[in-house]
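A.B. asks: coordinates only, sequence not included:
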């Protein structure tokens, strides 16, 4: 079977020849491993790029790709629908201020973030969010000007329905996918979590307007791709991040009142066109919302953080084939190597493998603290578990 065929089989609860093992290798983690002896010359992959604004030619750009070396796939890579759901025009990403310890930047989404200049790891860490673009109705109306689904540039200049349909049909190196941001995720990005979650009580009408706009905006942008590519899109990656360690940031009541109808309208378009594998990405403990998440049309969940009390075995017993799963291998135990690593894998993978609908991967990206020696040990042990 090809990598794509394996992935599709698993998320549809069919048995492949072997499980697809997926991870998310953070760049800083790979750089650490190179320092620890990972041979750089085996990781370089040429990528032919057209130089815009230059002569009518292409040139080779070398990219670092560590996945083949270890025998795993990038959970997020593959053939993705090239649509732009972000603000257009972007906010100008620039340094706003800095001193000896910190640097503050304006991001392309309009938030001001602060980072330490002396942090050991900068990518696998959260910045401090200082300010967000939406603070009230006035600033939301200003932001809406950048969230117009009719703005040119949402699709590539070379978008041609038949050509892209052929590419998506023939691609076999991994799953094809489409990314969207959910109704919680988009609001939290624009307002910040404290202002957003209190907004449901302070200004519920504004929250309803924002959710309604995001539904319209999402539907109008994805419609052409969805109706053209149909089930050539293997799954939709639905980003939310609506929970913390001890539970969701919103109640089931808020989810039902403000989000559920909009979710159903978007997932209805997807399912009408044969796209019924929709995976929610949310860190934290999402248990209190999962019944309603499934009602909304979500059919998969990642990363199932073990540190937040998520348990893939319990979810499988409760939801059966209503929810395919990815993740839940506790990165804290895997990093220890040796017996701790083997116990973590063997306590979950065999049962989930037999029940079907499970993509083995740790419960989020591979952290920078994970040593090369221990990851190689984990990789060799994991690959022995994959064949049926």
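C.D. replies: Nice, thanks for sending it over. None of the values given here were measured: they were computed from a predicted structure.

A.B. asks: all contacts plus neighbour counts: C-alpha atoms, from now on.
C.D. replies: Fine.

A.B. asks: now the phi/psi pair for residue 387, please.
C.D. replies: The phi/psi pair for residue 387 (degrees, to the nearest 10) reads phi -70, psi 150.

A.B. asks: what's the spacing between the residue found closest to it once you drop the neighbours it is linked to in the chain and residue 12?
C.D. replies: The spatial neighbour of residue 387 that comes closest, neighbours along the chain excluded (C-alpha to C-alpha, 6 or more residues apart in numbering), is residue 18 at 4.0 Å. As judged by C-alpha to C-alpha, to the nearest Å, residue 18 and residue 12 stand 14 Å apart.

A.B. asks: which stretches of this structure have low pLDDT?
C.D. replies: For the chain, applying pLDDT under 70 flags the ranges 47-60, 123-124.

A.B. asks: quick one, domains of it?
C.D. replies: 3-24+73-86+133-385, 92-132 (automatic domain parsing).

A.B. asks: how long is the longest one from one end to the other?
C.D. replies: What it means is domain 3-24+73-86+133-385. Across domain 3-24+73-86+133-385, the terminal residues are separated by 17 Å (C-alpha to C-alpha).

A.B. asks: go through the domains of the chain and pick out the most buried.
C.D. replies: Mean neighbour count (mean count of other C-alpha atoms under 10 Å) peaks for domain 3-24+73-86+133-385 among the domains of the chain, with a mean of 18.

A.B. asks: rewinding a little: need the phi and psi values for the residue nearest to residue 387.
C.D. replies: Phi and psi for residue 18, reported as degrees, to the nearest 10, are phi -160, psi 160.

A.B. asks: need the contact list for it.
C.D. replies: Contact analysis of residue 18 by C-alpha atoms under 8 Å, 6 or more residues apart in numbering lists 6, 386, 387, 388.

A.B. asks: could you do residue 236 as well?
C.D. replies: When contacts are counted by C-alpha under 8 Å, 6+ apart, residue 236 is found next to 177, 178, 179, 180, 275, 277, 278, 279.

A.B. asks: if you set the cut-off to 10 Å instead, what comes out?
C.D. replies: Counting by C-alpha atoms under 10 Å, 6 or more residues apart in numbering, residue 236 touches 80-81, 176-180, 267, 270, 275-280, 298-300.

A.B. asks: do the same with residue 368
C.D. replies: 25-33, 120-121, 123-125.

A.B. asks: in helices, which of the contacts of residue 236 fall?
C.D. replies: 267, 270 (DSSP state H).

A.B. asks: endpoints of stretch 330-342, how far apart?
C.D. replies: 11 Å.

A.B. asks: what do you get for stretch 232-248?
C.D. replies: Taking C-alpha to C-alpha, the first and last residues of stretch 232-248 lie 33 Å apart.

A.B. asks: burial check on the spatially closest residue to residue 65 that is not a sequence neighbour, number of neighbours?
C.D. replies: Spatial nearest neighbour of residue 65, chain neighbours left out: residue 43 (5.1 Å); criterion: C-alpha to C-alpha, 6+ apart. Neighbours of residue 43 under the rule other C-alpha atoms under 10 Å: 17.

A.B. asks: test my guess that residue 82 contacts residue 156.
C.D. replies: Yes: taking contacts as C-alpha atoms under 10 Å, residue 82 lies within contact range of residue 156: 6.9 Å.
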